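> Take a look and give me a structure for this.
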Amino acid sequence: MNNKKAIEERLDNIEHEMKQIDRLDRETYKLTEKLSRVMKLLVDIVEGDKGVNRYDIDYIFIKLDIDALKYHKVPLLVSRTEINYRKTGKFPTLLEFHQSVISELSLSEEEEQYFPIEVTVSFLEKFTNDEFLNEYHPVCKEILLKG
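Residues are numbered from 1 along each chain as shown. Got it, this is the predicted structure:
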């Protein structure tokens, strides 16, 4: 009976430690993502040729302290928009896309004040100029044209 109780206690301890490891892993990921954004911004600022301004989405992510787990939601929104276009043949307007970004990031009304449509425009322009994302250039351009 003592063995059974000892094993159960050991399992409980392992389960607790696994939860701690998962929590620490998530926190490490978030901090790594934030640091990556800060370093990217710093390099862009120092190089001075990237057009970093207060509408840069990386700057906004850092300023509003947006959860790092949400950073990838905006590029994924472009991907989903492209998939939706293939199905329906329709693109959202710039304002509709901007509202989708706000919704994806779960911004509060107060945070929305720091997330004007210019942030979305800047993101789409930056995305359009990224040579590694060629397949999404038409999507971004079309959304910008509907602005």
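> so Phe127 makes contact with Leu77?
No. Taking Cβ atoms under 8 Å as the definition, Phe127 is not a contact partner of Leu77, at 10.5 Å. To be clear about C-beta, it is placed using only N, CA and C from the backbone, and glycine gets the same treatment.
> residues in contact with Leu24?
When the contact criterion is Cβ atoms under 8 Å, 6 or more residues apart in numbering, Leu24 has no partners at all.
> Secondary structure class of it, three-state.
Three-state assignment for Leu24 (DSSP: H, G, I helix; E, B strand; the rest coil): helix.
> State the distance from it to Ser108.
Leu24 sits at a distance of 27 Å from Ser108 (criterion: Cβ to Cβ, to the nearest Å).
> Give me the local confidence score for the residue sitting nearest the centre point of the chain.
Nearest to the mean C-alpha position of the chain, by Cα atoms, centre = their mean, lies Tyr71 at 1.6 Å. Confidence at Tyr71, expressed as pLDDT, is 85.
> Not counting residues beside it along the chain, what's closest to it?
Glu33 (5.6 Å; Cβ to Cβ, 6 or more residues apart in numbering).
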